[in-house]
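Asker: Coordinates for the following, if possible.
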Amino acid sequence: MNIAASRIECRQGDIARQDDLQAVVNAANAQLRSGGGVAGALHRAAGPELAEACRPLAPIQPGQAVITPAFGLPNRHVIHCLGPVYGIDEPSDELLADCYRHALQLAERHGLESLGFPALSTGAFGYPATEAARIALSTVLATLPGCPTVRRVRFVLFDAAAAELHRRTLAALRDA
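Answerer: Just a heads-up that it's a prediction; the model follows:
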């Protein structure tokens, strides 16, 4: 889907193997350390330098985003976002939207034309996938006009069901 001069894509894939994007977004923990899921995959692929670069930036709060070089990843940067833990960090919808908004704003400030997002907070943090997709996509749609440098946003989803959910949600928002 195209919004102004930007394109939004939703596809199944490995967030650590997006070699045509300038930045990828990490579903980070507060200490910006390696863990399971997206954070573990990105830290493993980037190498130990990523953990070293993250150390002085931690801790971050839900909704915040910080940026580091990507080291061994095929991207220039990693934008680390701490999504809310569903049912604990409130207001969870606003905090989740802040993650996407702040990541796009960081990309804009750093002159990045393309970035890839995972489905933030939907894994171990328990956010319901349908609601998370709606918040993510509506926030990106609302924020992109203020980020003219960002030409492409890709949602890189772990499985086919999540990719299809994001495609359907994007179509519904476009048609609304």
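Asker: Just say helix, strand or coil for the residue nearest to His43 when sequence neighbours are not counted.
Answerer: Among residues not flanking His43 along the chain, Ser34 sits closest, at 3.5 Å (C-beta to C-beta, 6 or more residues apart in numbering). (Each C-beta comes from the backbone N, C-alpha and C, glycine too.) The three-state assignment at Ser34 reads coil, by DSSP: H, G, I helix; E, B strand; the rest coil.
Asker: so Ser34 makes contact with Cys54?
Answerer: No - shown here, Ser34 and Cys54 do not form a contact pair, counting by C-beta atoms under 8 Å, at 9.2 Å.
Asker: Chain neighbours aside, what residue packs nearest to the residue nearest the centre of the chain?
Answerer: Central residue check for the chain by C-alpha atoms, centre = their mean: the C-alpha nearest the mean position is that of Phe117, 3.1 Å away. For Phe117, ignoring the flanking residues on the chain, the nearest one in space by C-beta to C-beta, 6+ apart is Val25 at 4.7 Å.
Asker: So what's the residue count around the one you found?
Answerer: For Val25, the count of nearby residues is 30 (other C-beta atoms under 10 Å).
Asker: next one: Asp14
Answerer: That count, for Asp14 with other C-beta under 10 Å as the rule, works out to 11.
Asker: Which pLDDT value belongs to Asp175?
Answerer: On pLDDT, Asp175 comes in at 85.
Asker: the helices in this structure, which residues?
Answerer: Per DSSP state H, the chain carries helices over the ranges 37-46, 48-54, 92-109, 129-143, 160-175.
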